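Engineer: Predicted coordinates and the sequence they were generated for:
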Amino acid sequence: MNERHAAEPGRAHRYAAYFAPPVESDWWEAGSRWLGRCAASGRTWPQSDIDGVPPEQLRRLMAAPRRYGWHATLTAPFTLRPQIEASGLRAGLRMLCQAWKPFDMPALKVALLDDFLALVPAGPSTALRAVADACVTGLHAFAEPLSPAELQRRRAAGLTPEEDALLLRWGYPFVLDRFRFHMSLTGSLRGVEPAVVAALEAAAQRHFAPLLALPPPRFEAISLFAEPSPGADFVCLAQMELGL
């Protein structure tokens, strides 16, 4: 099993299972540069200027995806149960990865998803959905149940009855039938001027155009990310290859 990054020092505040391109790849560098931070090395870049978007507003709109790192969520961040060691979580994720073989991703495109910009599949993928479902159900036993405060925070977004039931059962509302693969490019754009949204979308199209013209990245590994302490930037701890 290829784990490309050193183990975290001690127990992290939260963990997550993500899709992320290989950290040596052009897809990883392009996404990390767009966000301004590499979640594997910790390297940072100045936020690129975008015509029509004031720098302070741009920093604010990019803050959330920058903190979480370049990824697509499979299992949303969770607190590890007190009786389980981080090594046990790694072992569980290894076992899950062994059940899957690498597969081709559908083509990706820049799109407005709800109220944020993201890279999303241009078409459906049963393989993506199946792996995401396996991560949600297979890693659920490692997760501490959500606190009342966390439940309230999640519900503040305004969930449908189906999403609320998924939140109570699996700790996150956008799983299984509500899952949508996406790699976030901005935070919420709710209330942002249409001209600013258009400028951001045009800049993202230019930034990713060279890669979007090529075959999409293969899904070859599940990445283990961690939030070392509350509010800290997420870091990529390991990329565990499928089928090994």
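Structural biologist: Received, thanks. It should be emphasised that the depicted structure is a prediction, and the values quoted were computed from it without experimental measurement.

Engineer: Quick one: end-to-end distance for stretch 137-147.
Structural biologist: 19 Å (CA to CA, to the nearest Å).

Engineer: quick one: buried residues of the longest helix anywhere in the chain?
Structural biologist: Counting by DSSP state H, the longest helix found in the chain is helix 194-212. If you call a residue buried by 16 or more other CB atoms under 10 Å, then helix 194-212 has these buried ones: 196-197, 199-201, 203-204, 207-208, 211-212. Just so you know, the C-beta spots here come from the backbone N, C-alpha and C atoms, and that holds for glycine as well.

Engineer: same question, stretch 104-122
Structural biologist: 105, 108, 110-112, 116-121.

Engineer: between those, which is closest to Ile222?
Structural biologist: Ile222 lies nearest to Met105 out of the buried residues of stretch 104-122, by CB to CB, at 13.5 Å.

Engineer: list the helices and strands the helix or strand of the chain with the lowest mean pLDDT packs on?
Structural biologist: Among the helical and strand segments of the chain, the one scoring lowest on mean pLDDT, DSSP states H and E is helix 148-155, with a mean of 88. Helix 148-155 makes packing contacts with helix 161-170 when contacts are defined by 3 or more CB pairs under 8 Å, 6 or more residues apart in numbering; DSSP states H and E.

Engineer: Give me the residues contacting the helix it packs on.
Structural biologist: Identification of contacts with helix 161-170 by CB atoms under 8 Å, 6 or more residues apart in numbering yields 136-137, 140, 146, 151, 154-155, 159, 172-178.

Engineer: for the protein, what spans make up the helices?
Structural biologist: Here the chain has its helices, by DSSP H, at 26-35, 55-68, 86-98, 126-139, 148-155, 161-170, 194-212.

Engineer: Could I have the CA atoms of the last one written out in PDB?
Structural biologist: Only the C-alpha atoms of helix 194-212 are listed here, as PDB (Å, rounded to 0.1, in the frame of the first residue of the first chain):
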ATOM      1  CA  PRO A 194     -23.100  38.300 -10.700                       C
ATOM      2  CA  ALA A 195     -20.200  40.100 -12.300                       C
ATOM      3  CA  VAL A 196     -17.900  38.800  -9.600                       C
ATOM      4  CA  VAL A 197     -19.200  35.200 -10.000                       C
ATOM      5  CA  ALA A 198     -18.700  35.500 -13.800                       C
ATOM      6  CA  ALA A 199     -15.100  36.700 -13.300                       C
ATOM      7  CA  LEU A 200     -14.300  33.900 -11.000                       C
ATOM      8  CA  GLU A 201     -15.800  31.300 -13.400                       C
ATOM      9  CA  ALA A 202     -13.900  32.700 -16.300                       C
ATOM     10  CA  ALA A 203     -10.700  32.700 -14.300                       C
ATOM     11  CA  ALA A 204     -11.200  29.100 -13.300                       C
ATOM     12  CA  GLN A 205     -11.900  28.100 -16.900                       C
ATOM     13  CA  ARG A 206      -8.700  29.700 -18.000                       C
ATOM     14  CA  HIS A 207      -6.700  28.100 -15.200                       C
ATOM     15  CA  PHE A 208      -7.800  24.600 -15.700                       C
ATOM     16  CA  ALA A 209      -8.300  24.700 -19.500                       C
ATOM     17  CA  PRO A 210      -5.000  22.900 -20.400                       C
ATOM     18  CA  LEU A 211      -5.900  20.000 -18.100                       C
ATOM     19  CA  LEU A 212      -9.600  19.900 -19.000                       C
END
